[in-house]
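Asker: Sequence unavailable; structure follows:
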């Protein structure tokens, strides 16, 4: 009876150790995700430059993205796309709002 208790105790200890090991491994994955989330997604330094210049810079930094120049007050779809950046310009073609991914 006592040996059965000791065996169950060590079995439980083993399972808890595995759980800690697994949760530690997934925590590493979360940290990697957080690092990836730190990639720049907004570009306030482009406010005031020409829309074409901003688009060219963004295309060089993100060649696989869809970069669109749109009027700052245009009605747009609200869907979020990780591969799109909209450059919102005023009537003079100058960037009015910071371009951002989405």
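Answerer: Happy to help now that I have it. Everything quoted here is computed from the prediction, not taken from an experiment.

Asker: Which of the helices or strands spans residue 55?
Answerer: Following DSSP states H and E, one finds residue 55 within helix 51-61.

Asker: Report the contact partners of residue 63.
Answerer: Residues near residue 63 by Cβ atoms under 8 Å, 6 or more residues apart in numbering: none. C-beta here means a position set from N, CA and C on the backbone, and glycine is covered the same way.

Asker: Got the phi and psi for residue 73?
Answerer: phi -110, psi 20 (degrees, to the nearest 10).

Asker: Pull the number of nearby residues for it.
Answerer: Residues contacting residue 73 under the criterion other Cβ atoms under 10 Å number 11.

Asker: on contacts alone, who are the packing partners of the helix or strand hosting residue 85?
Answerer: Take DSSP H and E as the rule and residue 85 turns out to sit in strand 84-89. Under the contact definition 3 or more Cβ pairs under 8 Å, 6 or more residues apart in numbering; DSSP states H and E, strand 84-89 sits against helix 51-61, strand 66-71, strand 95-101.

Asker: sorry, back to before: what mean pLDDT would you report for the helix holding residue 55?
Answerer: Mean per-residue pLDDT for helix 51-61: 96.
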